[in-house]
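Participant: Coordinates only, no sequence provided:
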């Protein structure tokens, strides 16, 4: 039976629940592109089945922030996903901030191990720093999913060089996440 991966391309293209902006870019556009590229990789591997939260760049989920988040987690739970990946980009007042990190509900969990594998492979693919895995049980998508859930921060949209790199290399970011999934599930790369 195929491993079911739910990919949540964080944020909507417009409010409610629009993402961060920086250097002329929007979080929701980067996350959409990386999510689609990741789904394409997964669909080419018969070990995986995949479902996306947003099926077009203009799709808006919900009429409020809370409803948008609920739609994403309910879809993953109803799908019976084996893993939930919520893709995001970071923002900071410190424009030199750089690197990838992930958030999970608890440290002693399969999600923590999955997050470590993803961040390591993501940073191996991009060359940007590994900022680690952090526990954030307050995050809606982590506490309302019934499967291992990881919120991935690809990099910083407020860092000019990293923002440009994310914009131009969505397939590379997708490949890093994909490689992390292969490691976690013990599949050959």
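Facilitator: Cool, the structure landed. As the structure is a prediction and not an experimental result, all values here were calculated from the model.
Participant: Residue nearest the middle of this structure, spatially speaking?
Facilitator: Centroid check for the chain by Cα atoms, centre = their mean gives residue 87 as the closest residue, at 1.9 Å.
Participant: and it, how far is that from residue 72?
Facilitator: As judged by Cβ to Cβ, to the nearest Å, residue 87 and residue 72 stand 11 Å apart. C-beta coordinates here come from the backbone N, C-alpha and C atoms, glycine included.
Participant: joint contacts of those two?
Facilitator: Residues touching both residue 87 and residue 72 by Cβ atoms under 8 Å, 6 or more residues apart in numbering: residue 8.
Participant: Which residue ranges of this protein form helices?
Facilitator: For the chain, applying DSSP state H gives helices covering 27-43, 65-79, 110-126, 140-143, 160-168, 170-184.
Participant: Redo the ones you listed as JSON lines? Include mean pLDDT and mean neighbour count.
Facilitator: Shown next, in JSON lines, are the helices of the chain (pLDDT from 0 to 100; neighbours: other Cβ atoms under 10 Å):
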{"stretch": "helix 27-43", "mean pLDDT": "98", "mean neighbour count": "22"}
{"stretch": "helix 65-79", "mean pLDDT": "97", "mean neighbour count": "17"}
{"stretch": "helix 110-126", "mean pLDDT": "98", "mean neighbour count": "21"}
{"stretch": "helix 140-143", "mean pLDDT": "98", "mean neighbour count": "19"}
{"stretch": "helix 160-168", "mean pLDDT": "98", "mean neighbour count": "18"}
{"stretch": "helix 170-184", "mean pLDDT": "98", "mean neighbour count": "22"}
